[in-house]
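Enquirer: Output the structure for:
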Amino acid sequence: MNGAPEWLVGLERMKFKSSFFLLALFVLFGSFRAHAEKTVSYSREIYPIFRHNCIGCHYPGKLKAELDLTSWSAAMKGGKHGAILKAGSPKASRLLEEISGAEPAMPKDGDPLRPEEVTLIERWIKQGAKDDSPPANLSHKPAQPPTYNSLPAITALAYSSDGKTLAVSGFHEVLLHSGDGSKLIDRLLGESARIESLVFSPDGKFLAVAGSMPSLFGEVQIWRVDSDEAKHEQVRSIKVGTDSIFGLSWSPDGERIAVGCSDRTARVLQVKDGKELLKFDNHSDWVFGTAFTLDGKRLVTASRDKSMKLIDAVSGQLVDEINRESEPLLCMARFPSTNLVICGTDQGASRIFKIAERADRAGGGDPNFVKEVERLPGPVHAVACSADGTLVAVGGAGSEVKVFNARDGKKLVTLKGQEGSIYAVAFNSQTNQIATGGFDGKLRIYELSKGNLLQTCDPVPLRVAKAH
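Expert: Down below sits the predicted model:
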């Protein structure tokens, strides 16, 4: 602005600065507003709140006030007292009244929702309470077997009854190896990303897999594995709940399967059609183990709530609590030919119990307790019993698996060479061998009498690095 008075130049500069400031303020306000009005996702944000706080009382098997909160459509339908949600109108949505305020009415038996959770639900309703759930028939099964850049942790192992096949957990798959670990036989690809439990059926014809897509579903897969062919067939996939499942067990007749669930329930499923026969919900924390009695009439469950419960396997009625509560239980295995179980705790203890009612409950003792073996330095993640019931193996925190005489609790051998925690152990019923797996992803097979390491292998095929 050549030749202009100095006061005019200053005025023009002030106008420019003011305009720039207003523009910046507008952009910043717009950014805040866009962030505040970000669309709330039902499947990723709202449903997890319902699952954690509400579904324990409002699911098809319980339906307090005839209200089901396990799906968007069921929640919008409402319950005994009518609709609880009105899309676009938080003030007309009774759900908000129930979960808000200094002393909210719901959850009735749990902690109140956090203020930010209530605000999130309110925003979702205001935005129209929209449903973005994935299609019910959406398959999570990969099109091709995974290609591994590194070894995944081994979370489950199981030997077939003839000892010729060893099942090993992978990512979205179970890998079938020869019993000595020398050969990969087949890869059983399924929907569940995480595999938690593997058990062969009593007749050896089927392999049951407990897996999950955490926060979406638990799944029991049934595979036909008695074929001599290279490929084996998945005959059934049974979705169980909305989160991880654990501690799978077969009934002695091979017609039922039991699993423990992270929703604090235990379920019994009918193998031939996947029908849920019972749902037991007397635990107050995750259920990590299940086991049928030898006659199949009762079921034992082990939970992080420190209790083992004895259940009528037909009616689902609680018979008794087997143990005196002391430490959270993380794993359990039944002795093959006796009504005994061994349980591992988060404090490093491994204890053997009789499967029986507590005869002297009034005395406050622990009458079904049989024996405790040497403790581990941290949580016990895996326990197993030999086929003849004379040995028990324990693994968990630390890099050693310890094998004990089940009768007197004496330590017989320590299996060394693992790196990191142990998550799975399995006895071969036909040989004097045991398999271990854990954090480092290596499959190891040991000879039991002296604890010699016989085989170390990568259970999954690793990507071969290209030479430069």
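
Enquirer: What are the buried residues along the host helix or strand of Ile121?
Expert: According to DSSP states H and E, Ile121 maps onto helix 115-126. For helix 115-126, a neighbour-count test (16 or more other C-beta atoms under 10 Å) marks 117-118, 120-126 as buried. In this view, the C-beta of every residue, glycine as well, is placed from N, C-alpha and C.

Enquirer: Quote the end-to-end distance of stretch 391-404.
Expert: 6 Å (C-alpha to C-alpha, to the nearest Å).

Enquirer: for stretch 379-389, same thing?
Expert: For stretch 379-389, the separation between the terminal residues is 23 Å (C-alpha to C-alpha).

Enquirer: Give me the distance from it to the chain's centre.
Expert: On the basis of C-alpha atoms, centre = their mean, to the nearest Å, stretch 379-389 is displaced by 20 Å from the centre of the chain it belongs to.

Enquirer: Need the contact partners of it.
Expert: 330-338, 340, 342-350, 391-397, 406, 421-427, 429, 434, 438 (C-beta atoms under 8 Å, 6 or more residues apart in numbering).

Enquirer: For it, buried residues please.
Expert: In stretch 379-389, the ones that count as buried by 16+ other C-beta under 10 Å are 379-387.

Enquirer: Filter those down to the ones in helices?
Expert: Counting by DSSP state H, none of the members of these fall within helices.

Enquirer: So which of those is the closest to Lys442?
Expert: Ala382 (14.9 Å; C-beta to C-beta).

Enquirer: circling back: using PDB, write down the CA coordinates of the helix holding Ile121.
Expert: Provided in PDB are the C-alpha atoms of helix 115-126 (Å, rounded to 0.1, in the frame of the first residue of the first chain):
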ATOM      1  CA  PRO A 115     -20.700 -41.200  34.000                       C
ATOM      2  CA  GLU A 116     -18.900 -41.400  30.600                       C
ATOM      3  CA  GLU A 117     -20.800 -44.600  29.800                       C
ATOM      4  CA  VAL A 118     -24.100 -43.000  30.600                       C
ATOM      5  CA  THR A 119     -23.200 -40.000  28.400                       C
ATOM      6  CA  LEU A 120     -22.200 -42.400  25.600                       C
ATOM      7  CA  ILE A 121     -25.600 -44.200  25.800                       C
ATOM      8  CA  GLU A 122     -27.400 -40.800  25.800                       C
ATOM      9  CA  ARG A 123     -25.500 -39.600  22.700                       C
ATOM     10  CA  TRP A 124     -26.300 -42.900  20.900                       C
ATOM     11  CA  ILE A 125     -30.000 -42.500  21.600                       C
ATOM     12  CA  LYS A 126     -29.900 -38.900  20.600                       C
END
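
Enquirer: If you count contacts, what does the helix or strand that comes right after that helix end up packed against?
Expert: As assigned by DSSP H and E, the chain's next helix or strand after helix 115-126 is strand 157-159. Applying 3 or more C-beta pairs under 8 Å, 6 or more residues apart in numbering; DSSP states H and E, one finds that strand 157-159 makes contact with strand 165-169, strand 194-200, strand 422-428, strand 433-438.

Enquirer: please redo it, this time with the cut-off set to 6 Å
Expert: strand 165-169, strand 194-200, strand 422-428 (3 or more C-beta pairs under 6 Å, 6 or more residues apart in numbering; DSSP states H and E).

Enquirer: Is it possible to get a markdown table of those strands that adds mean pLDDT?
Expert: As requested, the helices and strands packed on strand 157-159 are arranged in a markdown table below (pLDDT from 0 to 100):
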| stretch | mean pLDDT |
| --- | --- |
| strand 165-169 | 97 |
| strand 194-200 | 97 |
| strand 422-428 | 98 |
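
Enquirer: Cheers, nothing more for now.
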